[in-house]
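Asker: below are the sequence and a predicted model for it; my questions follow.
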Amino acid sequence: MTPSLDISNWWAKETRKGTPVVVTMENPNYSVVEIDGPDAAFQPVDKDRGKNAKQFTWVLLLRAHRAVGCLSWVAGILWALLGAVKKRLIFQQGVSVESEKSSKGRLLFRFIRGFLVISMAILVFELVAHLNGWHFQKPDLHIPRTSEIEGWMHTVYLVWLAFRVDYIAPPIQALSNFCVALFLIQSVDRLILCIGCFWIKYKKIKPRIVGDPFKSGDVEESGYVYPMVLVQIPMCNEREVYEQSISAVCQIDWPKDRLLIQVLDDSDDESIQWLIKAEVSKWSQKGVNIIYRHRLVRTGYKAGNLKSAMSCDYVKAYEFVAIFDADFQPNPDFLKQTVPHFMDNPELGLVQARWAFVNKDENLLTRLQNINLCFHFEVEQQVNGVFLNFFGFNGTAGVWRIKALEESGGWLERTTVEDMDIAVRAHLSGWKFVFLNDVKVLCEVPESYEAYRKQQHRWHSGPMHLFRLCLPTIIKSKISIWKKANLVLLFFLLRKLILPFYSFTLFCIILPLTMFVPEAELPVWVICYVPVFMSLLNILPAPRSFPFIVPYLLFENTMSVTKFNAMVSGLFQLGSSYEWVVTKKAGRSSESDLIAAAERESKTLSHSPLYRGASESELSELNRLKEQPEAPPRIKKTNKIYRKELALAFLLLTASVRSLLSAQGVHFYFLLFQGVSFLLVGLDLIGEQMS
């Protein structure tokens, strides 16, 4: 039985402080008074004596004022929440919910909804038992029956208790123990990673560049020899960020004759295509070696785009390829900080840089994402890069040796995580990876919950789909046994499958169940102590985010629904396992980028028009697009309602009522706050708010 934290006995408990003193007054007008403690002297002896009506009135008014203030605060919060619910429901009328138009999440939603209905029915039944005096933790099953109805209810309650103890509690307890074991294993893995990160910081271990790798070794030939580098910018309908991305890449400090930039545009919007063409022509006119490439047959998403670009004949002349997504803005010295690591290290296949976020302080959602990604880069990827020479490629802000890509099979279109796919195959081929924690590339994180949810679905369904495809290859590969174990047990199973499984099962299913089946015990340390300790470890790489530790813990549990659904769809190849939705971007830039852009704009406006590098055909096409009548304004997007999250919110709040009646303090507070967090996410009240 989960221990009760009822404080009523403690509140009513009599305590004695000090030594009893008997005071005898010689004046016969006074009586003998025995003082048991420091407060005993002030306790009224008689109800009609020792009272000051004026003081008593002020005390009552003060207490009434505090009570009214507390009630008004709670009422204000409830009123605001009800207003948000009303607004969401009004905006949802006539709007099709995209996330529920397919059958990808209906089965999970039906399960949660059925679970909620059963829980509410049990709660009503046990409320009746509670009102009849049949307490939850030690039921008094021998109460005298005063009527037939009470006797019938009593009998049903006895049958329910026997059935609950014999048939419901054992499987729940077994599943609970299994999930707790997985939780502890995953916690140990996180702890080991953090210890490895501390060791790296303590020993100051990091990849270093020895000497001047570009200086020519030939005595007769003085100067520097730079390798041929290809830079690729894959994009699709990136109206908000294409200009700043192309501008940042074109300003990379590298010899012009040793650098080629490919803008790989998969946009299906013709106006966006011409805008990107004009931007490419502008930089080409300035002497930058840049080309625009658009596919007629858009298959395979990003992997198909990169595969098509690598098939060009001129790519054979290049030794390395750097990849940047459309919202990434590398510094001018990016190649000089990454490419030298390949020199004198022929086994190195990938150099990965770290991401930095220009909008990490935009709202609560971006702050929570920053905590997760900081831990991913500084702890997971840095430790794996130093001790294993392997980690998952992030798909951008990295430089590949083209020979490593070719020997590993090139880009494949079989999953939505083509970056992880090529990384695993390169690792199986014997190539090593290096992670540079000091080299940062600016980018964005999603600001709306809808965009973040779709991104996380792809990031968690793709690895499970890839695991199904790669498992036979991993087993048959010639790498060492411990590398195979690391790939299968740690890289895929523990961090991609077990984490979303136990998070959803333990905190969203088992915990509410234990409230209605108290015979299945879930210890307090599983609910409170270990999660808080793990959250502290996760937040260490981002110490400024420490005030957000509680929202981070609750939000991670809330996101377990999306991650669990994505993991199942990828593992069993359901309809949504091969779904790619381009993450919406706002096109934000850092302060330094804005200043530099303003300076460039002031120089170019005084000398030339905006499209001075465009050809006559491109200018005529752009003028034609400008002269077209303005299209009718698009209907503004509205915040969605997420039914699975809402159903779990009501389920957790129902379980919190059951926990409150049984006086389980920590369980009640956790269920209450977790239910509120599910409610906020289900109403889409976190992140960017749309009209």
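Answerer: Looks like it came in fine. All figures in this text were calculated on a predicted structure; none of them were measured in a lab. Residues are numbered from 1 along each chain as shown.

Asker: rest of the way, CA atoms for contacts and neighbours
Answerer: Fine.

Asker: low-confidence regions, this structure specifically.
Answerer: For the chain, the stretches with pLDDT under 70 are 1-56, 71, 74-75, 78-79, 81-105, 133-151, 217-223, 576-578, 587-636, 691.

Asker: which residues in it form strands?
Answerer: Ranges of strands in the chain, per DSSP state E, are 21-23, 33-35, 229-235, 259-265, 290-294, 320-323, 348-357, 398-401, 432-443.

Asker: just put those strands in JSON lines and tack on mean neighbour count and distance to Gln173.
Answerer: Below are the strands of the chain laid out as JSON lines (neighbours: other CA atoms under 10 Å; distance: least, CA to CA, whole Å):
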{"stretch": "strand 21-23", "mean neighbour count": "11", "distance to Gln173": "55"}
{"stretch": "strand 33-35", "mean neighbour count": "14", "distance to Gln173": "53"}
{"stretch": "strand 229-235", "mean neighbour count": "23", "distance to Gln173": "49"}
{"stretch": "strand 259-265", "mean neighbour count": "22", "distance to Gln173": "54"}
{"stretch": "strand 290-294", "mean neighbour count": "17", "distance to Gln173": "57"}
{"stretch": "strand 320-323", "mean neighbour count": "22", "distance to Gln173": "49"}
{"stretch": "strand 348-357", "mean neighbour count": "23", "distance to Gln173": "42"}
{"stretch": "strand 398-401", "mean neighbour count": "23", "distance to Gln173": "46"}
{"stretch": "strand 432-443", "mean neighbour count": "21", "distance to Gln173": "43"}
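
Asker: output those as TSV; include the columns distance to Met515.
Answerer: Output for the strands of the chain, formatted as TSV (distance: least, CA to CA, whole Å):
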stretch	distance to Met515
strand 21-23	49
strand 33-35	46
strand 229-235	49
strand 259-265	54
strand 290-294	58
strand 320-323	51
strand 348-357	41
strand 398-401	49
strand 432-443	44
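
Asker: looking at these, which is closest to Phe115?
Answerer: Phe115 sits nearest to strand 348-357 of all those, at 39.9 Å, using CA to CA.

Asker: strands paired with the closest one, and their directions?
Answerer: Strand 348-357 has its sheet partners listed here by DSSP bridges as strand 398-401 (antiparallel), strand 432-443 (parallel).

Asker: tell me which residues are up against stretch 492-509.
Answerer: 176, 179-180, 182-183, 186, 460, 463-464, 467, 527, 557, 560-561, 563-564, 567, 648, 652 (CA atoms under 8 Å, 6 or more residues apart in numbering).

Asker: out of those, which are buried?
Answerer: Neighbour counting by 16 or more other CA atoms under 10 Å classes 176, 179-180, 182-183, 186, 460, 463-464, 467, 527, 557, 560-561, 563-564, 567, 648, 652 among the contacts of stretch 492-509 as buried.

Asker: among those residues, which are in helices?
Answerer: Under the assignment DSSP state H, the buried ones among the contacts of stretch 492-509 contribute 176, 179-180, 182-183, 186, 460, 463-464, 467, 557, 560-561, 563-564, 567, 648, 652 to helices.

Asker: OK, contacts around Ser245?
Answerer: Contacts of Ser245 (CA under 8 Å, 6+ apart): Ala326, Asp327, Phe328, Gln329.

Asker: separation between it and His294?
Answerer: For Ser245, the distance to His294 equals 17 Å [CA to CA, to the nearest Å].

Asker: same thing with Leu442?
Answerer: Distance from Leu442 to His294, by CA to CA: 25 Å.

Asker: same check, this time on Leu107
Answerer: 39 Å.

Asker: can you check Leu653 too?
Answerer: 52 Å.

Asker: Arg208 now?
Answerer: Applying CA to CA to Arg208 and His294 gives a distance of 38 Å.

Asker: the stretch 551-691 of the chain: helices as residue ranges?
Answerer: Here the stretch 551-691 of the chain has its helices, by DSSP state H, counting those that start in this stretch, at 591-605, 616-627, 643-661, 665-682.

Asker: determine how far the third one lies from the middle of the whole chain.
Answerer: Chain-centre distance of helix 643-661: 22 Å, with CA atoms, centre = their mean, to the nearest Å.

Asker: relative to helix 665-682, how tilted is that helix?
Answerer: Relative orientation of helix 643-661 versus helix 665-682 (axes from the mean of the first three to the mean of the last three CA atoms, to 10 degrees): 160 degrees.

Asker: helices and strands around helix 643-661, which ones?
Answerer: Counting by 3 or more CA pairs under 8 Å, 6 or more residues apart in numbering; DSSP states H and E, the packing neighbours recorded for helix 643-661 are helix 106-131, helix 511-516, helix 549-571, helix 665-682.

Asker: got the angle between that helix and helix 106-131?
Answerer: In terms of direction (the same axes, to 10 degrees), helix 643-661 departs from helix 106-131 by 20 degrees.

Asker: residue contacts, Lys336?
Answerer: Residues counted as contacts of Lys336 (CA under 8 Å, 6+ apart) are Asp253, Trp254.

Asker: got CSV for the strands paired with strand 348-357, with distance to Cys236 too?
Answerer: Below are these laid out as CSV (distance: least, CA to CA, whole Å):
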stretch, distance to Cys236
strand 398-401, 19
strand 432-443, 16
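
Asker: sounds good, over and out.
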